[in-house]
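1. missing the sequence, but the structure's below:
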């Protein structure tokens with residue numbers, strides 16, 4: 001067996017034995033690199049960034065609270081909280097959707113946050 005066959009076998013074995021979330025994160029990270037978006041792990045406070053990732057969760061605020069919509073975007077390297085002020089709901093913003101977002105990174109309570117980001121909902125691949 002050549003060295004390339006052993007490498008292919010190892011990759012196949014890793015895919016068969018790896019956790020589904022780990023494989024999904026690896027695929028997302030590869031998509032980020034291919035599109036030229038910035039990996040979340042490399043972003044720091046104050047930078048203007050374009051990111052690509054999948055929405056993990058959406059938090060709708062109650063009617064009695066200030067209108068704020070929050071979503072967690074994961075790109076395979078790290079999570080970023082997206083916050084839209086003055087919005088209770090945005091059609092298409094739901095868990096499982098892939099999005100490209102652009103804005104300035106902030107840090108709040110130790111987590112990366114994008115306030116009122118520009119967003120584009122991407123087609124499922």
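-> Perfect, thanks for sending it. Source: prediction; values computed, not measured.
2. any chance you could map the strands in the chain?
-> 48-60, 68-74, 79-85, 98-108, 111-115, 118-121 (DSSP state E).
3. same question for the third one, mean pLDDT?
-> Same thing as strand 79-85. Strand 79-85 comes out with an average pLDDT of 92.
4. List the buried residues for it?
-> 80, 81, 82, 83, 84 (16 or more other Cβ atoms under 10 Å). (C-beta placed from N, C-alpha, C; glycine too.)
5. any idea how far the closest residue to the last one other than its chain neighbours is from residue 42?
-> Closest residue to residue 84 in three dimensions, ignoring its sequence neighbours and counting by Cβ to Cβ, 6 or more residues apart in numbering: residue 69, at 4.5 Å. The spacing between residue 69 and residue 42, counted by Cβ to Cβ, to the nearest Å, is 26 Å.
6. who has more neighbours, those two?
-> residue 69 (18 against 10; other Cβ atoms under 10 Å).
7. distance of the more buried one from residue 110?
-> 21 Å.
8. my read: residue 81 touches residue 111, true?
-> Yes: at 5.6 Å, residue 81 counts as touching residue 111 under the criterion of Cβ atoms under 8 Å.
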